[in-house]
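J.: All I have is the shape, not the residue letters:
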Ligand SMILES: Nc1ncnc2c1ncn2[C@@H]1O[C@H](COP(=O)(O)OP(=O)(O)OP(=O)(O)O)[C@@H](O)[C@H]1O
Ligand SMILES: Nc1ncnc2c1ncn2[C@@H]1O[C@H](COP(=O)(O)OP(=O)(O)OP(=O)(O)O)[C@@H](O)[C@H]1O
Ligand SMILES: [Mg+2]
Ligand SMILES: [Mg+2]
């Protein structure tokens, strides 16, 4: 579904990702594990086109991504929730959620429906629809970011350290949400980076280890 | 029981009608390690903002050894010995890692020293020691902006400790630090604090960390204290399990 | 008193109208691209030159005189169409995310070039084309003859203000722009073609500046140096209003214009400094401009 | 260190050029005078602050010299020192309320103050000679009044010496905590506050130093040109100072002087065969920025992974 | 010394910025004069070779270029400068470099007021006679004018003119009051507010020494708002704009000095007419008075060389000798006579008129003219002009020729 072949990327001339190749199988949840600075965020940013790959190719169902501009990813139904939330402070939560719909010129009906889906999966968001994006706490922000990614996603969903900074209760909640998501959208390909894998143990189908910018041997999930 | 070092009296503040602090009372005693836990959006970070003068409470007072500090600026409060590490690391991204720490050291210098070179062996060694402690030593000469999230967190803490504070407020010190490194970090942190006899208040989401290191836990929800006490008793509390720990 | 009050207001509003077009363009470009376009004033004067030339051509070609009205807007659009995309693509785009100093410098270089370019193309003698003004005739207000054209300007400025506000708050484009303003990277990740937004916003900014120049021509002469003066004025107004605030630009334009008019009536020697004095006073009271809404950074 | 050697090399070249081609002396001394002011601007640029008004201190230094000479003080050195002190004082006063402002508001406020000064200089006809400006009588050296050529040579050589001294002083300042903190203001004021370093103090020191340098440059210029005009305070002059500062690269102290000399040369070169000199200067500027970015080191790629994709 | 291959002249003028409105005509005239003089065999057989400098680059640049040019032995004479500011700035330099220099357009009376500049010459005279003349002319055509408004550009020139004009009024019409005094900044594009202000003041007479683009903008904006039908306008530098803007009939306009290319004297002089024709041929419009000032400056230099050559018995003169020849010289120019007094300031007549339409010109020209003699209006050397004007007898105006007397 999403496949990388010998992808490399560097920031400010420093090579960060080295010759990365792997494939995500449709409908599976793959977890990218690696200690701090391993290159998880960079990898996701590269897939999203926010950082140009210096070499290699990234394909989604055959379409080459590296040659496409960053904004084209969303059109292909790839949702992305960044590590550091990145909400639009002056928009309300709901407007934040609806932004992708606007960007993708979705029909009113379509965006209504996706929004409803998000609220179904993440009820607590509905409670703060009218709050400004700048006014939600770190953790709350994570939830909104997930919801926003869900508005986009059709084929794949990329989450960067979703649990970072979540209170355990919320983290569990979040994990369950992902579980529900699985059931509702079985064909969805999930790609999650995490520095502390336990929480994901029960939803992950595959695990990939990244160390100093390159992939280590794949390990089957427990 | 020693006397309270920091004391907050029914602090109040709200944003767009959301009460982030709703009559908060808090005491932290000389030399103790107090942990604050609570669901996201409970108001933990806000509390730290109030105690360090970044935000002004709409009501209530903050005292440092009995003296009002409510209306002081973050700078004045820092001068009085309260250091802070942030949930979102606050670094001098255009400076090298070591400069970040040395600048923090320099804050204690007088005007004349302020005008003589910063990068001197004495300051350097002092800073390197800290960096080693947080195993950032081999990044000493990298630009802070090039650190990954996790390492930024560590550097942010190092900068706070470099101030040689009496009280340090840590906002989720272990978030973004991978599970493998977490306890290592906490160990170094704790030894550092004990050596320097620094009182610490830390906001934390990792309950294992809290259990292991906190002497007292303050459970926070919707802008006020839900309950507090020793970790083992707090973690028995049903409300706490619901709102924070979560039933596994 | 009254017979002074009326002229004062009319003059002030007429002045404000022109200033507004330029300042709002500047403020818009800044809020979206985060680039301080020092060359913004040049687009004003180029717009003016274009309008004057086109108008003169219309008249000399013996076309119906009323065509000079559409000619004004047309020439502004023309200038925007030529310079907007071109400049944004070749120069401005390169400075995104770079330091403010670099941006100011690039646009300053552009400013220097454009200023001379105009002199070479249009010469040093001032152009003048006032057909629209003559066509509309004049009105007596408070014992003073005013040009109906000046009154038309005021109306147009108000229309533009309202139009822009609606555009930002109620249209899809407006929301996308706001999003890009707040966070470019995430906007891209969510499917917004930021480069297109930048180009559109910049072109719109150029258009507004050029329109200001074009609309000014029937009541002013166009000569070298016009751009520089306008630029400073626009900067002042944008700052007073609070950067990126459209309504701010409008209010600030009126305040500045009023100050200048008052100066000319009662203290002519203060005329030139009036805008700066206003700016000093306003920024002393409100450091980020009148309409700035401060948001505490989350830490 | 590299910057330092670069600067020293440049200094030597300039000295040789000036001594071998006397008509260059006037030009180079003037360039150096501008360079001093530009260095002042560069200092503020480190803190991410752009002053579109620093020509005001240049003008203050210049007019101070003019007034002092008019009132009988003609000794070169004392003129330099006194004028600089006056500019410094002005810097403290103006700076005291500038330090609250950032970004364009800082830029605009400086612009405003400088333009107010500009109109004062041109309006107070009886004191400042209005738009025709004031003459500056030829300065003397410890009582000796040299002839045209010797005067120029002495001024030229002293300007070189001054550049050296200033160069050392400023680079020392850059490396001191205060200097480093100045750079930190750019990236994270909150953290600076939280390590109890007063942002306003850091900025005020920076602003005052920059004003002093501009004043010193202005005093030089006044004596070199022999005439002062309100235009010295006009905003386009400030614009040129920024231009000079960034052209040379605000990385180190040498930059502004290199930039100033480069610009002064381009300027006279251009002006000698065409009157479209501002276009040429503009083009040269863009050329340098786009094709020789090393001159602008420290400005390029500064933000994390800039978002121009 | 030997005759050089060419006689180098540095010509300083504005070719950029708003001031180019006067700079370009000046430069054009210079080019044409050099063409004509060289065609006629140059000066004493030596062709002229000009280096043009743009004053628009700012005073430092001007000074730098002046040094550079003066440093080059090839250049013998300078023609500098257009703006009074630059003349003032160059004066001390001229003294130091000892190069004969002709101030071709700058006319501030400050130039020679404070100190002597032995090498600096200004054949065109200064602001005092220029603006006194307008006060006198205005009073003789509108004896009962009471309410006077002034609108001048906001720099030394405008303020000087206002002071001289007011001083003259005070002397010869004490009961006149100034109802408005505006100083819009040089190069202002719009005068709408000023026009409102002037209208509100309801003046009998509006005096202005706006010029170039400013004047043209002012006229175009004021006319439709009925300013000229309400008050008698006096546009001191109007002549230079007659060809660019429709100045209504009946407006008092003139030139500074006697430099109108078509004044009775000039019309009688076929050299002048040849020049004017060639100018129109080459540049598409008739010369304006700055053109004539430039042209006359060349005649002034030519004369000086001829005198010096004669004195040396044909040997080529040094800079000093040329300067010596300029001292006290009396030169027949295209438009009259200029007499250099002991302070090196020139004494020239003043021509003023009122706009009229005449056959053969598609723009209004000067009618009802007067030509005031230079000496009469020039304050003696060393006297403070304002005081001098104040001391003039009340019947002074009567002693002068009347409007219409110059045909
Ligand atoms: N702007 C930058 N310039 C240079 N190097 C950078 C930059 N950003 C990140 N890096 C480097 O890239 C490497 C990977 O960073 P990245 O943020 O992808 O790590 P990560 O796996 O996401 O870590 P974390 O779990 O802490 O988020 C790190 O070693 C970091 O030093
Ligand atoms: N500057 C602010 N502007 C608006 N609302 C704010 C601001 N700061 C905090 N809030 C609101 O106050 C509440 C508490 O926020 P705070 O960041 O203190 O929560 P928290 O306990 O730190 O959560 P987390 O553990 O996720 O960081 C949140 O609901 C947030 O929306
Ligand atoms: Mg990461
Ligand atoms: Mg928090």
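T.: That came through, no problem. Just so it is clear, the structure is predicted and the values come from calculations on it, not from any experiment. Ligands and ions are numbered 1, 2, ... in the order given.
J.: Could you look up the SS state of residue 57?
T.: Since no chain was named, I'll use chain A. strand (DSSP: H, G, I helix; E, B strand; the rest coil).
J.: looking at chain B here, not the other one
T.: With three-state DSSP as the criterion, residue B:57 reads coil.
J.: How much space separates it from residue D:17?
T.: 65 Å (CB to CB, to the nearest Å). Every C-beta, even on glycine, is put in place using the N, C-alpha and C of the backbone.
J.: For those two, indicate the residue with more neighbours.
T.: When residue B:57 and residue D:17 are compared for neighbours, residue B:57 comes out ahead with 22 against 15, by other CB atoms under 10 Å in any protein chain shown.
J.: so what's the residue nearest to that one when sequence neighbours are not counted up against?
T.: Distance criterion CB to CB, 6 or more residues apart in numbering or on different chains; nearest residue to residue B:57, sequence neighbours excluded, is residue B:11 at 4.5 Å. Contact analysis of residue B:11 by CB atoms under 8 Å, 6 or more residues apart in numbering or on different chains lists B:21, B:23, B:24, B:47, B:50, B:57, B:59, B:60, B:61, B:62.
J.: Narrow these to those in helices?
T.: Here DSSP state H is the test, and the contacts of residue B:11 give B:47, B:50 as lying in helices.
J.: Now list the buried members of the contacts of residue B:11.
T.: Neighbour counting over those (16 or more other CB atoms under 10 Å in any protein chain shown) leaves B:21, B:24, B:47, B:50, B:57, B:60, B:62 as the buried ones.
J.: Closest to residue B:128 out of those residues?
T.: Within those, distances to residue B:128 taken as CB to CB reach their minimum at residue B:47, with 33.6 Å.
J.: dump the residue contacts of the closest one.
T.: So residue B:47 contacts B:8, B:11, B:21, B:24, B:26, B:36, B:220 (CB under 8 Å, 6+ apart).
J.: pLDDT score for the residue nearest to the fourth one when sequence neighbours are not counted?
T.: Distance criterion CB to CB, 6+ apart; nearest residue to residue B:24, sequence neighbours excluded, is residue B:11 at 4.3 Å. Per-residue confidence for residue B:11 comes out at a pLDDT of 90.
J.: what does residue E:294 give?
T.: pLDDT at residue E:294 comes out at 95.
J.: For it, give me its contacts.
T.: E:13, E:25, E:26, E:27, E:29, E:30, E:33, E:79, E:104, E:105.
J.: so which strand or helix has it?
T.: helix E:289-311 (DSSP states H and E).
J.: Summarise which helices and strands the helix or strand that comes right after that helix is packed against.
T.: Per DSSP H and E, helix E:289-311 leads on to helix E:319-326 as the next helix or strand towards the C-terminus. The helices and strands touching helix E:319-326, judged by 3 or more CB pairs under 8 Å, 6 or more residues apart in numbering or on different chains; DSSP states H and E, are strand E:75-79, helix E:289-311.
J.: possible to save the ones you listed as a markdown table with distance to residue E:241?
T.: Converted to a markdown table, those look like this (distance: least, CB to CB, whole Å):
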| stretch | distance to residue E:241 |
| --- | --- |
| strand E:75-79 | 24 |
| helix E:289-311 | 11 |
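J.: Okay, helices next: where are they in the chain?
T.: Picking chain A for this. A:40-47, A:72-75, A:93-103, A:108-121, A:123-127, A:138-152, A:168-184.
J.: Oops, wrong one, chain C.
T.: Listed in chain order (using DSSP H), the helices of chain C are C:2-33, C:40-60, C:68-90, C:100-122, C:131-136, C:148-170, C:172-182, C:184-189, C:194-216, C:226-241, C:246-266, C:274-285.
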